[in-house]
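Participant: would you be able to build a 3D model of this:
(one chain, ligands or ions: 1)
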Amino acid sequence: MRKPVMAGNWKMNKTRDEALQFIYAVSDKLPSNDVLDSIVCAPAIVLRDLVKRQGDSLRIGAQNMHYAASGAYTGEISPNMLVTTGVEYVILGHSERRAYFNETDETVNLKVKAALDNGLKPIVCCGESLEERENGTTHDVLTRQITLALKDISSDGLANVIIAYEPIWAIGTGKVASAEMADEACGFIRSLVKDLYCEKCADEIRILYGGSVSTKSVEELMAQPNIDGGLVGGASLNSDSFIELCNKAI
Ligand code: PGA
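Facilitator: Residues are numbered from 1 along each chain as shown. I've put the predicted structure just below:
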């Protein structure tokens, strides 16, 4: 049995005051950590504030990091800096970082390795563009992204990885993939993990769907056999909506 996950991705939203309001509003209203991993991935500048107030049921994640331990990388944050804030998770390879900040399959792989080496749990994103979906290359894209992201990662390392399937055309557009389409892609990723590792690894890895998930679509998505949770942008910003998403995910 895979424990479901509900991860909010705040992107570049919320001031410190807004982040604190959110955390006070959700505390005590989320399902127990025994039945759900509820995660908020927030801008780096508020991570420490959120970790201090996360309570028993919530965990905090970052949205990106550099792969180097330290050095002349102005503006970047190292894995160990994240560790010392107390965060447990880090989103890596989000399509917005691939599109706007030069993230490549190779840097995603370096970051996945660095995250695992530092005891962080990466949420590794993959997903095709509309053009790739329409020209029938979705499986090729997912194969490339997942194979390269997990290159040289051991099965012990894999046990701490979460994969998020996020078709780019569904992100922030209100166009959620149909539950069947999302499940097919997550099932394909699971079969890739089986080919790259083993059947048990494929059975155990948690695969999330992301892209316009809302309180209306979450239950149907979660009912699919290959979908273990959501990576949610817009609908995770409001505390009531996040609480509802988490409760509907179990
Ligand atoms: P969305 O974003 O839920 O606003 O579509 C999802 C994501 O980009 O992780």
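Participant: and Thr173, how far from Glu184?
Facilitator: According to C-beta to C-beta, to the nearest Å, Thr173 stands 19 Å off from Glu184. C-beta coordinates here come from the backbone N, C-alpha and C atoms, glycine included.
Participant: repeat for Ala115
Facilitator: 28 Å.
Participant: these two: who's more crowded?
Facilitator: Applying other C-beta atoms under 10 Å to Ala115 and Glu184 shows that Ala115 carries more neighbours, namely 26 against 17.
Participant: assign a three-state SS to that one, would you?
Facilitator: Secondary structure, DSSP: H, G, I helix; E, B strand; the rest coil: Ala115 is helix.
Participant: now do the contacts for it.
Facilitator: Met65, Pro79, Val90, Leu92, Lys121, Pro122 (C-beta atoms under 8 Å, 6 or more residues apart in numbering).
Participant: so which of those is the closest to the ligand?
Facilitator: Leu92 (12.2 Å; C-beta to the nearest ligand atom).
Participant: wait, Leu237 sits on Trp10?
Facilitator: Yes. The pair Leu237 / Trp10 is scored as a contact, 6.3 Å apart, by C-beta atoms under 8 Å.
Participant: which of those two has more neighbours?
Facilitator: Higher neighbour count among Leu237 and Trp10: Trp10, with 23 against 18, using other C-beta under 10 Å.
Participant: wait, isn't that one in contact with Val40?
Facilitator: Yes. With contact defined as C-beta under 8 Å, Trp10 reaches Val40; the gap is 6.8 Å.
Participant: report the set of residues contacting both of these two.
Facilitator: Contact criterion C-beta under 8 Å, 6+ apart; residues shared by Trp10 and Val40: Ser236.
Participant: got the buried residues for the helix or strand bottoming out on mean pLDDT in the chain?
Facilitator: Each helix and strand of the chain was given a mean pLDDT (mean pLDDT, DSSP states H and E); the minimum falls on helix 130-134 at a mean of 95. Across helix 130-134, burial judged by 16 or more other C-beta atoms under 10 Å covers Glu132, Arg133.
Participant: same thing with stretch 76-88?
Facilitator: Result for stretch 76-88 [16+ other C-beta under 10 Å]: buried residues Ile77, Ser78, Pro79, Met81, Leu82, Val83, Thr85, Val87, Glu88.
Participant: and the two most separated of the residues you listed?
Facilitator: The most widely separated members of the buried residues of stretch 76-88, counting by C-beta to C-beta, are Ser78 and Glu88 (16.4 Å).
Participant: the ligand contacts on this protein?
Facilitator: Counting by C-beta under 6 Å from any ligand atom, the chain comes close to the ligand at 9, 166, 171-172, 210-213, 231-235.
Participant: just the buried members of those?
Facilitator: Buried among those (16+ other C-beta under 10 Å): Asn9, Glu166, Ile171, Gly210, Gly211, Ser212, Val213, Leu231, Val232, Gly233, Gly234, Ala235.
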